[in-house]
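[1] I need the structure of the sequence given here:
(chains A, B, C and D)
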Amino acid sequence: MKLAAGRIKKPAYGAIILLWMIAPLFIGKYWTDVLNNVAIYALLGLSLNIILGYGGMFHMGHAAFYAVGAYTTAIINTAWGVPVLWLMPAAGLAAGLFALVVARPIIHLRGDYLLIVTIGMVEIVRIALINNVFGITGGANGIFGIDSPSVFGFQINGIVAPAHYFYLVTAFLAITIVLFYLLENSRFGRALKFLCSDEVAAEGSGINTAGYKLAAFVIGAVWAGMTGTLYASKMGFISPESFSFWESVVMFMIVILGGSGNIAGVLLGAALIIGLPEIFQGLQQYRLLIFGLALMIMMIFRPQGILPPKPRSYPIDKLEKNEVSL
Amino acid sequence: MEQFFTQLTNGLAVGGIYALIALGYTMVYGVLKLINFAHGDLFTIGAYLGLTLLTSLALTDHIGGLAGVLLLAVMAMGLVGIIGILLDRAAYKPLRTSPRLSAVVSALGASIVLSNTVMLVYGPSTRVYPQGLLPSQVFYIFGLPVPVMRFVILAASIVLMIGLYVFIQRTKIGTAIRAAAIDQDAARLMGINVDRVIMLVFFIGPALGGAAGVMVGLYYGQITFTMGWTYGLKAFTAAILGGIGNIPGAMVGGLLLGVIEALGATYISMAWKDAIAFFVLILILIVRPTGLLGERVAEKI
Amino acid sequence: MKKLLFLLLAGIVAATATPALAQDTIKIGLMCPLTGSWAAEGKDMKQIVELLADQVNNQGGLLGKDVKVVIGDDGGDPRTAALAAQRMATRDVAAVVGTYGSSITEASQNIYASANIIQVANGSTAVRLTEKGLPYFFRTCPRDDEQGRVAVKTLLDSGYENIAILHDNTTYAKGLADEAKKLLDEKDVNIVFFDALTPGEQDYGTILSKMKTKDPDVVFFTGYYPEAGLMLRQKMEKGWDVPFIGGDATNNPDLVKIAGNKAAEGFRFLSPPVPGDLPTKEAREFMEAYAARYQSTPGSIWAVLAGDGFRVIVEAIKQTQSTDTQKMADYLHKEMQDFPGLTGDIAFNEKGDRIGDVYRVYRVDANGNFVLTE
Amino acid sequence: MSLLQVDNLTKRFGGLLAVDNVSFAVPEGAVFGLIGPNGAGKTTVFNLITGNYEPNDGSVSFDNRDITARPTHWIVSAGIARTFQTIRLFANMAVIENVLAGCHCRLRSGPVASMLRLPRQHKEERQALAKSMAELEFVGLLDQADNLARNLSYGNQRLLEIARALASDPKLIILDEPAGGMNELETAALVSLIARIQARGITVLLIEHDMSLVMKACEQLVVLEYGKKIAGGPPAEIKKNPLVIEAYLGSDDEDF
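    Sure thing, here's the model as predicted:
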């Protein structure tokens, strides 16, 4: 059973990757842009997955980190003209530092208390942006005139040529998937899963749970911040309404619906949550109603998420006999 | 000082409504450990059903203003309570044994469904309650003008809350609810019909939210299909502030949140009002991680 | 799981496979918020444009073809709007009307520009939208700086010296408030209060109490009608009788319904004229037709401006006998003069902004009607 | 030379004095028992040692270092590993993964090394896996490595907790009622396991209700009652101590 599933899986993944790569050649600008949005939210979902999926922390304020990254990019780019892609590390760093500062005092809160505090965090960030904090965020207008990314001198305008942008964001998504896959299957990812499963036992096994929670927050924030760069440079302008509490809710739903703690699940979640409302565009004002119903139905039929994580298996059969000794 | 007391009454009036909605969150949470994110939309439905009943039945014409309004509120509460039970059946019951966050997503889906249903049924425009049903006198306390309805709203909220508290603490059914909140399996073994308790909780909580909706409609006069989201978030904040799962906590949290908002807006900044409220919430939770009246459960190791 | 996938696929097929119609229609796009907080505006925009399109078709269509309105929901947020615009751009529309919010319109501007599609926005008043030099962008609504100018003139003409300015932190209201403040700072008046409320709430007692301590002669509120109506009502309850002046976002009959006749009486606001106030034949006929079909009147002037957007597009197609973007744009920029719109005469300058004094000052009378002053 | 030194340890929960001025010393290499009736405060003492609770008064020193109220994970790194009275395994993970949790504090590679899969990290992972397998073999669960922890029998779950604790290379292992829920056969095996742990040079501190096990396995005992230490010494002495006998008279399920 298990083996058969494994055998089907690999070609299936290959086919999906192939289809994804060639899709822009066939589907036109609009659906390409939908895929761009799916990819951006997949990145956000994957970054949130580190905190919510592996770490099990109820974090509903991820848009705050996304916003910090996007605004860092926008502010530096419009003020000094630094090319946007160079700003990706800066955006990640800014978001990571922000996460370090704000998550530090709240990391010990449990479940729902953490949930409301992270909601509060994203609201405070949004209000600060609207109120033009430090005089650099442009207030409710936001910031406009952000450059398009350019790769080796080639301008990638995400609005005008979604297909060009598609390959940029896909490249970053691919790198992210690989890195996060390695991270998941490492000492670090394991530690997060332990503390998610039983915090007391994890601490009692010698895992610095507070430290790992904080690290998860920072890594998730760094990635959300870098994704903020991609978003800002795609749209050309940003305003506070793109980073509302609802955006955080969307990311949250992507992770839980797709399968919390599973990379493939999160990717599927992004495709569904971002894709479905577009598929229902023809229904006009009924589309959100149908979307809400679809959410409920999917959750009821797959309470663990559509693709829940499988227990990890270890290559114990590959160990040589002489290695196994005290 | 005059400013302070005026703003205190302003804050308490809003806080009373937050508290009433917060009770719905806290009751459901207490028994099911579930955050009913659709609760704010039940509040909206209460406001809209109140309007429909008011205009279609013309109760206030037949039996007089006050009696009509009271009857109306009771009817709206009943209907919203029933919708609450149906919501539980549709969105939460199938997920009782699932991971907690699955129910959160189902709740968010239900919230989208409910608010968009209201939009489709009643239209997206602002709807307006008929005016002049309630007295519009103004009291003067030490020379400060205080609209009498602010007192009535606050008093009505407090009466409902105290009523609920007495019901939970003093009656047999209330005891069953408390028992189910502590340990569902044990309660079941003691012969309590836990399913019935859950049904009751999903009736009372939404009914109180519906009452708040009618009050908001009657007093402020204007309702929109998106208002549940704003009020819901505030009320959820209030419930957490007081210690979720704790009924007096919801009352304290709601009133306190209203006062924090009013005073923060007055003495610090209006534009930053919500940020100030959340900031205070975060500070309180850092000091008291389970809210003001929440029990500090030291985990047994 | 399989069923779900099947449903999903079926949905995709149904949504994408719009049957290829023969080219006997001229498609005009309408991008509007059908979901989200601004759904009420979007619904009105849709109703108005569909009504006007039916009228055109009943009179024999355009260039011998039927006009078909293609609708896209922008959800009232920039990301959804960008998608809606991409979708619209693939659907072979001659031009697009919309949309309401400035940042929403901004998200779509470049998409239409690069697809060479004319866009006529109806509610996006932010100055910068027409300062980018986009050749195919127009708007039927006036700009914030224009309104700011009229607002300041009205405030000064009334002889107010201590002025409170209140906005709601939205792009539009903050922009207008900033503009007014900038102009007032140059004059000999005191701005005693400048702050924002949180839109979407219902109790503004706190804000009113705080403003009252500053004792202004007048409050200039730049936000939207629901908050304005609530404040008027709560102000009366408190027994505070300071006059309120509102920006054009308060132009909505619901304002009076929310506030009540008594509290709304005396409230003044700036706005482009409502169709009912225009003596023109077009406006009268439109209002009658709208009332006959929908049993109501349009909620706000912005939706009517979408109707004007549609009408100028139709006019441009008619006059140039083509749906060629460049020809139409040239016509709109240069040739169209005093076109009788639903909201008065319409012409555009080289930036695509509407020319002419559009703003009027309205006052609410004792019966709750909006009366033109001057 | 004592490895663990507990001095005047006191812990209050509200009005309840759970641990009252308790002092004892665990010599290096010993198997040391902490006994007493239910509710005597034994587990609380453990939790104070491992940093799960902070004492109101008193100190704990380990290996000549003061470790009072240090974070639990730090104490584990310092060389004290523990098992729990109510089994706390990572139930939905593989048995082998549970043991890897114990190895955690002896590994070094961080998130960046993992993301880049540096050779050092790869090697370290392989060694950890081998070490975990060895610990499973040591407690006799090698054949269960692939199984999910929740599918193990009660007794095996206790053994798995011990394996997890051993994987952190402790100097002192604290076992909280290791025989709880075990049958006689399993208990007998446990006694020999404890001896083998001791043979590895690891000091053992345990709480146990099964007096036959305590008497067989322990060299030294401390008896608590109502949070107070009432006796201490070798099992043979404790058996005869009148205070201890009195303390245990109320509870007839103890076979004294």
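[2] so what's the residue in the stretch 51-200 of chain A positioned nearest to chain D closest to, chain neighbours aside?
    Relative to chain D, the nearest point of the stretch 51-200 of chain A is A:S186 (3.2 Å; Cβ to the nearest Cβ). (Each C-beta comes from the backbone N, C-alpha and C, glycine too.) The shortest distance from A:S186 to any non-neighbouring residue, by Cβ to Cβ, 6 or more residues apart in numbering or on different chains, is to D:S114 (3.2 Å).
[3] so how many other residues sit close to the residue in the stretch 151-256 of chain D positioned nearest to chain A?
    Sorted by distance to chain A under Cβ to the nearest Cβ, the residues of the stretch 151-256 of chain D start with D:S168, at 5.0 Å. The burial count assigned to D:S168 is 24, neighbours taken as other Cβ atoms under 10 Å in any protein chain shown.
[4] tell me how many other residues crowd the residue nearest to A:S186.
    Residues within reach of D:S114, counting by other Cβ under 10 Å, total 22.
[5] residue contacts, it?
    Contact partners of D:S114, counting by Cβ atoms under 8 Å, 6 or more residues apart in numbering or on different chains, are A:182-183, A:186-189, D:121.
[6] what about it, helix or strand, and which?
    Using DSSP states H and E, D:S114 sits within helix D:111-116.
[7] now do the buried residues in that helix.
    D:111, D:113-115 (16 or more other Cβ atoms under 10 Å in any protein chain shown).
[8] likewise for stretch C:239-251?
    By neighbour count with 16+ other Cβ under 10 Å, stretch C:239-251 contains the buried residues C:244-251.
[9] likewise for stretch C:139-153?
    Residues of stretch C:139-153 classed as buried: C:139-148, C:150-152 (neighbour count, 16+ other Cβ under 10 Å).
[10] same question for stretch D:171-187.
    So, applying 16+ other Cβ under 10 Å, buried residues of stretch D:171-187: D:171-180, D:182, D:186-187.
[11] that older thread, and the two most separated of the contacts of D:S114?
    Farthest-apart pair in the contacts of D:S114 is A:G189 and D:Q121; separation 12.1 Å (Cβ to Cβ).
[12] local confidence estimate at the residue nearest to A:S186?
    Predicted confidence (pLDDT) for D:S114: 82.
[13] separation between it and A:V178?
    For D:S114, the distance to A:V178 equals 12 Å [Cβ to Cβ, to the nearest Å].
[14] check which helices and strands the helix or strand where A:A79 lies is in contact with.
    Element membership of A:A79 [criterion: DSSP H and E] is helix A:63-80. When contacts are defined as 3 or more Cβ pairs under 8 Å, 6 or more residues apart in numbering or on different chains; DSSP states H and E, helix A:63-80 sits against helix A:87-106, helix A:111-130, strand A:143-144, helix A:209-235, strand A:237-238, helix A:245-258.
[15] so, low pLDDT: which residues of the stretch 51-200 of chain B?
    B:59-65, B:136 (pLDDT under 70).
[16] and C:I26, that's in a strand?
    Yes - if the criterion is DSSP: H, G, I helix; E, B strand; the rest coil, then C:I26 is within a strand.
[17] would you check that it makes contact with C:D66?
    Yes - between C:I26 and C:D66 there is a contact at 7.4 Å, judged by Cβ atoms under 8 Å.
[18] those two - which one has more neighbours?
    A count of neighbours by other Cβ under 10 Å puts C:I26 above the other of C:I26 and C:D66, at 23 against 14.
[19] now the more buried one, which residues is it bridged with?
    Note on C:I26: beta-bridge partners by DSSP bridges are C:V67.
[20] contact residues of the stretch 201-350 of chain C facing chain B?
    Applying Cβ under 8 Å from any Cβ of the partner chain, we find that the stretch 201-350 of chain C lies next to chain B at C:201-203, C:205-207, C:209-210, C:213, C:225-226, C:229-230, C:233-234, C:237-239, C:254, C:257-258, C:260, C:299.
[21] go again using 6 Å as the cut-off
    Residues of the stretch 201-350 of chain C found near chain B (Cβ under 6 Å from any Cβ of the partner chain) are C:202-203, C:205-207, C:209-210, C:213, C:226, C:237-239, C:254, C:257-258, C:260, C:299.
[22] out of the residues you listed, which sit inside helices?
    Here DSSP state H is the test, and these give C:205-207, C:209-210, C:213, C:226, C:237, C:254, C:257-258 as lying in helices.
[23] just the buried subset of the residues you listed, written out for PyMOL, thanks.
    The PyMOL selection below is limited to those of those classed as buried (16+ other Cβ under 10 Å):
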select buried, chain C and resi 205+206+207+209+210+226+237+254+257+258
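[24] now chain D, which segments are flagged as low pLDDT?
    Under the criterion pLDDT under 70, the flagged ranges of chain D are D:1, D:249-256.
[25] let's verify the one residue in it that gets nearest to chain C: helix, strand, or coil?
    Closest approach between chain D and chain C, counting by Cβ to the nearest Cβ: D:N92, at 21.6 Å. Assigned with three-state DSSP, D:N92 falls in the coil class.
[26] tell me how far it lies from D:N151.
    Distance check for D:N92 against D:N151: by Cβ to Cβ, it reads 10 Å.
[27] for the residue in the stretch 151-300 of chain C positioned nearest to chain A, give me its contacts.
    When scored by Cβ to the nearest Cβ, the stretch 151-300 of chain C has C:T171 as its residue closest to chain A, at 4.3 Å. Contact analysis of C:T171 by Cβ atoms under 6 Å, 6 or more residues apart in numbering or on different chains lists A:140-141, C:102-103.
[28] what subset of those is buried?
    A:140-141, C:102-103.
[29] need the max-distance pair from those residues.
    Pairwise distances across the buried ones among the contacts of C:T171 peak at 9.6 Å for A:A140 and C:S102 (criterion: Cβ to Cβ).
[30] can you give me the distance of the residue of chain D closest to chain C to D:R150?
    6 Å.
[31] one more: B:F278?
    Taking Cβ to Cβ, one finds B:F278 at 40 Å from D:R150.
[32] who has more neighbours out of these two?
    Neighbour totals were compared for B:F278 and D:R150, and B:F278 leads with 23 against 11 (other Cβ under 10 Å).
[33] what residues sit buried inside the helix or strand harbouring that one?
    Using DSSP H and E, B:F278 sits within helix B:273-287. For helix B:273-287, the buried set under the neighbour-count rule, 16+ other Cβ under 10 Å, comprises B:273-282, B:284-285.
[34] and these near chain D, which?
    Answer for the buried residues of helix B:273-287 near chain D: none qualify (Cβ under 6 Å from any Cβ).
[35] what packs against whichever strand or helix holds B:G258?
    B:G258 belongs to helix B:247-267 when assigned by DSSP H and E. Contacts defined by 3 or more Cβ pairs under 6 Å, 6 or more residues apart in numbering or on different chains; DSSP states H and E place helix B:247-267 against helix B:2-32, helix B:227-242, helix B:273-287, helix C:205-214.
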